[in-house]
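In: Mind folding the following:
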Amino acid sequence: MSGGPSHVDTFDPKPVLTQRDGEEMPPKLIKNHEFAMIKEARPKVKGSPWKFQKYGQCGTEVSDLFPHVGSVIDEIAVIRSMHTDSFNHDPAVMFMNTGSVRFGRPSMGSWLSYGLGSENSDLPSYIVLVSGKNRQPLLDSYWGSGFLPSEHQGVTFRTSGDPVLHIRNPAGVTQRERRRQLDLLKWMNQRHHEVVNDPEIAARIAQFELAFRMQTAVPELTEIANEPESVRNSYGAQPGVASFANNCLLARKLAERGVRFIQLYDKGWDSHGSIYQDHAERCQSVDRSIAALIRDLKQRGLLDDTLVVWGGEFGRTPMSQGSGANSGRDHHPHGFSMWLAGGGIRRGVVHGATDEFGYFAESDKVHVHDLHATILHCLGLKHEDFTFRHQGRDFRLTDVFGEVVGELLA
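Out: Numbering: from 1, shown residues only. From the prediction side, this is the model:
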């Protein structure tokens, strides 16, 4: 959820915020802290305008913003004690994706493509789908391969027009002619590779061949009109309409076909103002389809070996930014919520907690490096040993940090 969903309005109920709404935030909590946008010297406590209630047999409390997700909460492990290293979007998104705030590191999807490959030779092993309002730009480096071979970078599927640029042959070029052209390019690249031994040439050969196979595989895959009407309705998906719901349905189809890593970005969660309207709108646009995805994966026997991860780059402050109906919340890295489902994760549990104000992760804290280590563990990889040598150093997704959160594992 690009922009940062508010944990205290979604998955981390804080009655104290409601009781002390409008009071000054205790100075000891915000001492020496910078905020992205809040300018008040003494910002005010802001209670959630939404109610929380217990869902499922596990009784996990979920906001009224997510009733459909609440209906599948018995499949979910909620982490209420996440924390990260940056309070600005670009470095925080980079950190959540790559384990570093610096440009040039491989994204998690690229690491998994490199380490595990794909079960489908006709599709990329790492695919990115985007929906939502265009507020923060999404940079290609968020799903880049960094210093790993370029064949492992994420491939963006577009929401209008052809799903992938140049998926169709130019007018007058037949499939047979395209095959002959690629055979000639392959021959020339192989000769060049024999001379200079550049791994990027080998990656280029592989990408040309994959692109040729995608010309057949991708159009059929992305045509969600072929799905039964009952399935489309469960997601709220509409053929030809760019939406998170369509992307969730497509994500299931991609997982079903063995694509290793599917990443959905939904933009518009940066609610500095009008959080009442903005968060309500964003949650309504994703809630139903998220629950449908989990149910669909489970019904098809895919949830046991498909790990679903939900969250943003950080949370939002328990204080108000602005006042009145147009008020919102600022960026908040010190404590926020994410959740996981399937893929070896315990079902129907809550891990960790923030303090009574929802400001600091307080118990059973989970850093982004810990989250990455746990995700890799669920996919069969030991994060300390999963390395790539670059410029004389062994790099890994978790750098020199990270602990697997054993309490989250089934």
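In: who touches Val404 in this structure?
Out: Residues in contact with Val404 (C-beta atoms under 8 Å, 6 or more residues apart in numbering) are 370, 373-374, 377, 383. Quick note: C-beta positions are derived from backbone N, CA and C, even for glycine.
In: what about 10 Å?
Out: Residues near Val404 by C-beta atoms under 10 Å, 6 or more residues apart in numbering: 370-378, 382-384, 398.
In: Grab the nearest non-local neighbour of Gly273.
Out: Leaving aside its sequence neighbours, Gly273 sits nearest to Gly328 (C-beta to C-beta, 6 or more residues apart in numbering; 4.3 Å).
In: Now tabulate the contacts of Val404 in TSV and tack on pLDDT.
Out: Formatted as TSV, the contacts of Val404 follow (pLDDT from 0 to 100):
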residue	pLDDT
Asp370	98
Leu371	98
His372	98
Ala373	98
Thr374	98
Ile375	98
Leu376	98
His377	98
Cys378	97
Lys382	97
His383	98
Glu384	97
Thr398	97
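In: what comes up buried for stretch 338-356?
Out: By neighbour count on 16 or more other C-beta atoms under 10 Å, the buried set for stretch 338-356 is 338-345, 347-355.
In: Then stretch 290-310?
Out: 290-298, 303, 306-310.
In: distance between it and the chain's centre?
Out: The chain centroid and the centroid of stretch 290-310 are separated by 15 Å under C-alpha atoms, centre = their mean, to the nearest Å.
In: from what I can see the residue nearest to Gly273 touches Ala36, true?
Out: No - look at Gly328 against Ala36 with C-beta atoms under 10 Å: they stay out of range, at 11.5 Å.
In: so what sits against both of these two?
Out: 270, 272, 317, 321.
In: show me where pLDDT drops low in this structure?
Out: Counting by pLDDT under 70, the chain has low-confidence residues at 160.
In: show me the contacts for Phe360.
Out: Contacts of Phe360 (C-beta under 10 Å, 6+ apart): 29, 81, 83, 334-335, 353-354.
In: Counting by contacts, list what the longest helix out of those in the chain packs against.
Out: In the chain, assigned by DSSP state H, the helix with the most residues is helix 275-299. Helix 275-299 is packed against helix 67-71, strand 76-83, strand 126-132, helix 229-235, helix 244-256, strand 261-267, strand 308-310, strand 336-341, with contacts defined by 3 or more C-beta pairs under 10 Å, 6 or more residues apart in numbering; DSSP states H and E.
In: starting at the chain centroid, how far to that helix?
Out: With C-alpha atoms, centre = their mean, you get 14 Å for helix 275-299.
In: Likewise for stretch 49-68?
Out: 22 Å.
In: for stretch 395-403, same thing?
Out: Counting by C-alpha atoms, centre = their mean, stretch 395-403 comes out at 19 Å from the chain centroid.
In: cool, stretch 198-210 as well?
Out: 27 Å.
In: which parts of it are buried?
Out: 201, 203-205, 207, 210.
In: same thing with stretch 316-323?
Out: Neighbour-count burial for stretch 316-323 [16+ other C-beta under 10 Å]: 316-322.
In: tell me the two of the residues you listed that are most distant?
Out: When C-beta to C-beta is used, the two most widely separated members of the buried residues of stretch 316-323 are Pro318 and Gly322, lying 14.6 Å apart.
In: measure Asp304 to Leu297 for me?
Out: 9 Å (C-beta to C-beta, to the nearest Å).
In: Identify the contacts common to the two.
Out: 342-343.
In: residue boundaries of the helices in the stretch 101-250 of the chain?
Out: 108-116, 175-196, 199-221, 229-235, 244-256 (DSSP state H, counting those that start in this stretch).
In: Flag every buried residue along the fourth one.
Out: If I follow you right, that is helix 229-235. Quick answer for helix 229-235 (16+ other C-beta under 10 Å): 232, 234-235.
In: Then the first one?
Out: Burial within helix 108-116, assessed by neighbour count using 16+ other C-beta under 10 Å, is assigned to 108-115.
In: Domain map for this structure?
Out: Annotated domains of the chain cover 7-162+243-408, 164-221 [automatic domain parsing].
In: and the nearest residue to Gly117 once chain neighbours are set aside, how far is that from Pro219?
Out: Leaving aside its chain neighbours, Gly117 sits nearest to Ser125 (6.0 Å; criterion: C-beta to C-beta, 6+ apart). Taking C-beta to C-beta as the measure, Ser125 and Pro219 are separated by 19 Å.
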